[in-house]
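J.: Pasting the sequence and the predicted coordinates here, then a few questions.
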Number of protein chains: 2
Amino acid sequence: MSDLREKIIQTSLELFDRHGFHGVTVKQIVQETNTSKGGFYHHFQSKDELLFVIHDTFITYVLKEAQAANVTHSSPIPKVQAIIQSFVQVFDLYKPHISVFYQESLYLKPAYEEEIKGKRDKFKRMVFNVIEEGQKTGHFRRELPLEITGMAILGMVNWIYKWYRRDGTYTIDQIAEVFTDLVLHFLLPGKEDSEYFRHMLKVPFFYESE
Amino acid sequence: MSDLREKIIQTSLELFDRHGFHGVTVKQIVQETNTSKGGFYHHFQSKDELLFVIHDTFITYVLKEAQAANVTHSSPIPKVQAIIQSFVQVFDLYKPHISVFYQESLYLKPAYEEEIKGKRDKFKRMVFNVIEEGQKTGHFRRELPLEITGMAILGMVNWIYKWYRRDGTYTIDQIAEVFTDLVLHFLLPGKEDSEYFRHMLKVPFFYESE
DNA sequence: TACAACAGACCAACCAGTCGGTCTTTACTT
DNA sequence: AAGTAAAGACCGACTGGTTGGTCTGTTGTA
């Protein structure tokens, strides 16, 4: 297969990561890759297709990993651990992809957007399902609203792309460990009787509606 | 003062929110606002200045709120509650500002960027300080690494801009309540002795280094 | 010789920003 | 109160540079 295609993607990734999709011109990409307009448009129909390819390789990978984690384990707790672990680690592997994914998704052309959105929602539903399952089996606190809790988890993990550096204080595995700890601490029951919890807590509105 | 200036900002906000900074031209802004290029450039030096103004009004507000919450309370627990509460509520007030803030910060011109970055870091440090304070006083779990925990909180809250809708299932206050619950659940100690915690937890690497 | 892989000059569309001009409000003088 | 000059607010045709994309080749290779 073509070597140039992959080289263009890698170069674009770095440039997009630093300057954003609109901050980088096809001319720049072509120069940095030591090729030509002809070379570029031989491999990609348009600049937009390149954006799509970047989106797709990342989300496809994440989805596959989550499915694997889901199948391997049967209890909700190790499932959550495995999903978070693999999800967080993706940020080390695919950092530039992810930056582009979250920064530039607005600029995906409608046809491309739909395909990406489909896979993204699939992943989201997987995470939500695991939480819901855990709540049903009694492993996780039932009083937590699924949507809010789920988005909190996705949010804290997704945000990693804004601050993670390979040469930072902590490795990606340490971050994954702490995040798993944090999530399990708010998912698992058993703290409510602690003396510290005289403070307003326990999501009152959720009880009212029952 | 000028009415038009505010009207331009509001229109731009909606347009940027939907199509991104680069997806909207000055011509479009001007048409949608029922004014002219002249009108626009009378109030703004450049399109970039408009972007800066949007960034600045939001971050200035958040910073002010956090400082207020910090002064009002003295114990770390209500401080955390107040900061998260006000921070989350901002997403109802400033949703379009925030979308622009996080989507388009890459495109701020250097001089503008510096000013925004300064305020943003100030806010971050305030959050971190409250956590650190709580750890020192023994209110919060000491074994949690400050940076990772802090970014987890900022991440879950910041991510709200990606999914919150006014007409969604939950109100912004309910979201704030649940988020406060989640954060305090992983900050406060006292769960480790629960029977559920036979599972690997408690951030082992953090102990090793002591 | 046929076709994929690439080169690079070229173009039409677009876009942020300019500039000379008009209308309206303010401020000052008589 | 009337007259007027200056400043502020706004208009819109125009421009110079840029950008994504095209098209006519040329080269290597099966």
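T.: Right, received. Where do you want to start?
J.: which residues make contact with the helix or strand hosting residue A:96 from outside it?
T.: Residue A:96 is located in helix A:95-103, with elements delineated by DSSP states H and E. The set of residues external to helix A:95-103 that reach it, using Cβ atoms under 8 Å, 6 or more residues apart in numbering or on different chains, is A:13-14, A:16-17, A:20-21, A:51, A:54-55, A:57-59, A:90-91, A:158, A:161, A:164, B:103, B:106. Bear in mind the C-beta positions are built from the backbone N, C-alpha and C, glycine included.
J.: The helix or strand immediately after it in the chain vs helix A:95-103, what angle?
T.: Remark: after helix A:95-103, the chain's next helix or strand is helix A:110-137, criterion DSSP H and E. For helix A:110-137 against helix A:95-103, the angle by axes from the mean of the first three to the mean of the last three Cα atoms, to 10 degrees is 100 degrees.
J.: touching chain B at all, helix A:110-137?
T.: No - Helix A:110-137 lies out of reach of chain B by Cβ under 8 Å from any Cβ of the partner chain, never closer than 9.5 Å.
J.: Tell me, how many residues neighbour the residue of chain A found nearest DNA strand C?
T.: When Cβ to the nearest atom of the strand is the measure, chain A has its nearest residue to DNA strand C at residue A:38, with 1.8 Å between them. If you count neighbours by other Cβ atoms under 10 Å in any protein chain shown, residue A:38 ends up with 8.
J.: measure it to residue A:11 for me?
T.: 16 Å (Cβ to Cβ, to the nearest Å).
J.: next one: residue A:112
T.: In this structure, residue A:112 lies at 21 Å from residue A:11, with Cβ to Cβ as the measure.
J.: Same question for residue A:98.
T.: When distances are taken as Cβ to Cβ, residue A:98 and residue A:11 turn out to be 17 Å apart.
J.: Backbone torsions only: list them for residue A:45.
T.: For residue A:45, the backbone dihedrals (degrees, to the nearest 10) come out as phi -60, psi -40.
J.: and the helix holding residue A:96, average pLDDT?
T.: Per-residue pLDDT over helix A:95-103 has a mean of 95.
J.: Is there any residue in it that contacts DNA strand D?
T.: No - when contact is scored as Cβ under 7 Å from any atom of the strand, no part of helix A:95-103 falls within range of DNA strand D; the minimum is 14.2 Å.
J.: Just the CA atoms of that helix, as CSV, please.
T.: Extracted C-alpha coordinates of helix A:95-103, given in CSV (Å, rounded to 0.1, in the frame of the first residue of the first chain):
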residue,chain,number,x,y,z
LYS,A,95,-3.4,12.1,21.5
PRO,A,96,-3.3,14.1,18.2
HIS,A,97,-6.2,12.1,16.8
ILE,A,98,-8.3,12.9,19.8
SER,A,99,-7.4,16.6,19.8
VAL,A,100,-8.6,16.8,16.3
PHE,A,101,-11.6,14.6,17.1
TYR,A,102,-12.9,17.0,19.8
GLN,A,103,-11.7,20.3,18.4
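J.: Next one, pLDDT for the closest residue to residue A:43 other than its chain neighbours please.
T.: Taking Cβ to Cβ, 6 or more residues apart in numbering or on different chains, and ignoring the residues beside it in sequence, residue A:43 has residue A:5 as its nearest neighbour in space, at 4.4 Å. Per-residue confidence for residue A:5 comes out at a pLDDT of 97.
J.: Residue A:41 is in contact with residue A:5, correct?
T.: No - shown here, residue A:5 and residue A:41 do not form a contact pair, counting by Cβ atoms under 8 Å, at 11.8 Å.
J.: just to revisit the earlier point, from the contacts of helix A:95-103, which would you call buried?
T.: Buried positions within the contacts of helix A:95-103, assessed by neighbour count (16 or more other Cβ atoms under 10 Å in any protein chain shown), are A:13, A:16-17, A:20-21, A:51, A:54-55, A:58-59, A:90-91, A:158, A:161, A:164, B:103, B:106.
J.: hmm, the helix or strand where the residue nearest to residue A:43 lies touching DNA strand C?
T.: Mapping residue A:5 onto the secondary structure by DSSP H and E places it in helix A:3-19. Yes - for a cut-off given as Cβ under 7 Å from any atom of the strand, helix A:3-19 has contacts with DNA strand C, namely A:3-5.
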